[in-house]
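Participant: Prediction below, plus the sequence it came from.
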Amino acid sequence: MSPVNVRVPAKINLCLGVGPVRDDGYHPLATVYQAVDLHDEVRATGRDDDQITVSVHSEMDVRSEISVVPDGDDNIAVKAARLLRERTGISSGVDLSIRKVIPVAGGMAGGSADAAAALVACNEVWGTGLSRPALEVLAAQLGSDVPFLLHGGNAVGGGRGETVSPVLARGSYHWVFAMAHEGLSTRAVFAEFDRLNTGAEVPEPVVPDALLAALRAGDAEALGAALSNDLTEAAFSLRPELEDTLSIGIEAGALGAILSGSGPTALFLASDEAHSLDIAFALSSAAGCADVVQSRGPVPGARVG
Ligand code: ATP
């Protein structure tokens, strides 16, 4: 049985509207996702027995905090493989090998990306033949961001992020990502959001019209001005130095600057390659910045190859 290799992108949220906490503990979200050119790889090799194993590798130990990625049943890629096996009633095993590039706990959905990749890779290596829509149903059970990482491109996310619908969009965008020295727990940032909003009326979230118009027009300047993230205050409250990182990028002329999801990765929109290099250079000496990466988006979702 030959191994199957799947590449899967990271996501950013061009806007992240967060509503009042629901009875099930989740917050309703109104977001526009974009998949970006920063990829993890998941290789699946079929086994003769029914074991499911995982190993995690990285060439960039600092930014990927590889030690906090579980190498057993808690790894979300293993959960994805188990769910696929359960739903298709097969008993095959697999060795999963993850090459991590997406920062861990960076607000770029690296774990969800690995889950999406594991679904696609195991579906191929086991010959279970589930369609994309069928895989999307499993993806939604694994986590809010997983369906989008199968999808890729640009998409509007609703519900708790798991309902993905296409968005009319043009253009390819130049991004700069500033990775922090240490990850930030998504759960902790949402808890801080709730604490900061205690007693306040949190409105139902909406995707700003200006952002959709900017994407339709492929207008980077308008997109930069329309970027937004309701978790900013909560993330700043837990990591005050992130405010300095955003300021450095803005001073370097970024068209827009926000935190990626729940942070701590900061993202900056540039007008072209040369501009993106200028912003990356300005950020590279920032104290709170462990690594700076230039990237492009949108890119496709999890794909064999
Ligand atoms: P999101 O943007 O979806 O809120 P994140 O990018 O901030 O998430 P992840 O890198 O997805 O955070 O990881 C969150 C936690 O999930 C990690 O701290 C780790 O303990 C756990 N985890 C489980 N499986 C994986 C995996 N394959 N890769 C990374 N983290 C994993």
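Facilitator: Looks like it arrived, so ask away.
Participant: all contacts plus neighbour counts: C-alpha atoms, from now on.
Facilitator: Will do.
Participant: Residues of the stretch 1-150 of the chain that sit close to the ligand?
Facilitator: Within the stretch 1-150 of the chain, the positions near the ligand by C-alpha under 6 Å from any ligand atom are 68-70, 74-77, 104-112, 114, 145.
Participant: List the contacts of residue 133.
Facilitator: Neighbour list for residue 133: empty [criterion: C-alpha atoms under 8 Å, 6 or more residues apart in numbering].
Participant: tell me which element it is part of?
Facilitator: helix 132-142 (DSSP states H and E).
Participant: OK, contacts around the residue of the stretch 151-300 of the chain found nearest the ligand?
Facilitator: Residue nearest to the ligand within the stretch 151-300 of the chain (C-alpha to the nearest ligand atom): residue 186, separated by 4.9 Å. The neighbours of residue 186, taking C-alpha under 8 Å, 6+ apart as the test, are 105, 107, 262, 263.
Participant: Return the alpha-carbon coordinates of the helix holding residue 133 using CSV.
Facilitator: What follows is helix 132-142, C-alpha atoms only, in CSV (Å, rounded to 0.1, in the frame of the first residue of the first chain):
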residue,chain,number,x,y,z
ARG,A,132,-16.5,15.8,-0.2
PRO,A,133,-20.0,16.7,1.2
ALA,A,134,-19.9,13.5,3.3
LEU,A,135,-16.4,14.3,4.6
GLU,A,136,-17.7,17.8,5.4
VAL,A,137,-20.3,16.3,7.7
LEU,A,138,-17.5,14.4,9.6
ALA,A,139,-15.4,17.6,9.6
ALA,A,140,-18.1,19.6,11.4
GLN,A,141,-18.1,17.1,14.2
LEU,A,142,-14.4,17.4,14.7
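Participant: what mean pLDDT does that helix have?
Facilitator: For helix 132-142, mean pLDDT rounds to 97.
Participant: before we move on, the earlier item: can you name the two of the contacts of residue 186 that sit furthest apart?
Facilitator: 105 and 262 (8.9 Å; C-alpha to C-alpha).
Participant: how about the strands in the stretch 101-250 of the chain?
Facilitator: Along the stretch 101-250 of the chain, counting by DSSP state E, counting those that start in this stretch, strands occupy 154-158, 163-166, 173-180, 228-229.
Participant: rewinding a little: of all the contacts of residue 186, the one with the weakest confidence?
Facilitator: Checking pLDDT across the contacts of residue 186, the minimum falls on residue 105 at 91.
Participant: residue contacts, the spatially closest residue to it that is not a sequence neighbour?
Facilitator: Once flanking residues are discounted, residue 105 sits nearest to residue 183: 4.6 Å by C-alpha to C-alpha, 6 or more residues apart in numbering. By C-alpha under 8 Å, 6+ apart, the contact set of residue 183 is 65, 103, 104, 105, 106, 263, 264.
Participant: What residues sit buried inside stretch 181-198?
Facilitator: Neighbour-count burial for stretch 181-198, counted by 16 or more other C-alpha atoms under 10 Å, picks out 181, 182, 183, 184, 185, 186, 189, 190, 192, 193, 194.
Participant: Relative to residue 70, how far out is the fourth one?
Facilitator: The one in question is residue 184. To residue 70, residue 184 is 16 Å away according to C-alpha to C-alpha, to the nearest Å.
Participant: Over to the last one?
Facilitator: Residue 194 sits 28 Å away from residue 70, going by C-alpha to C-alpha.
Participant: Fine, thanks again, bye for now.
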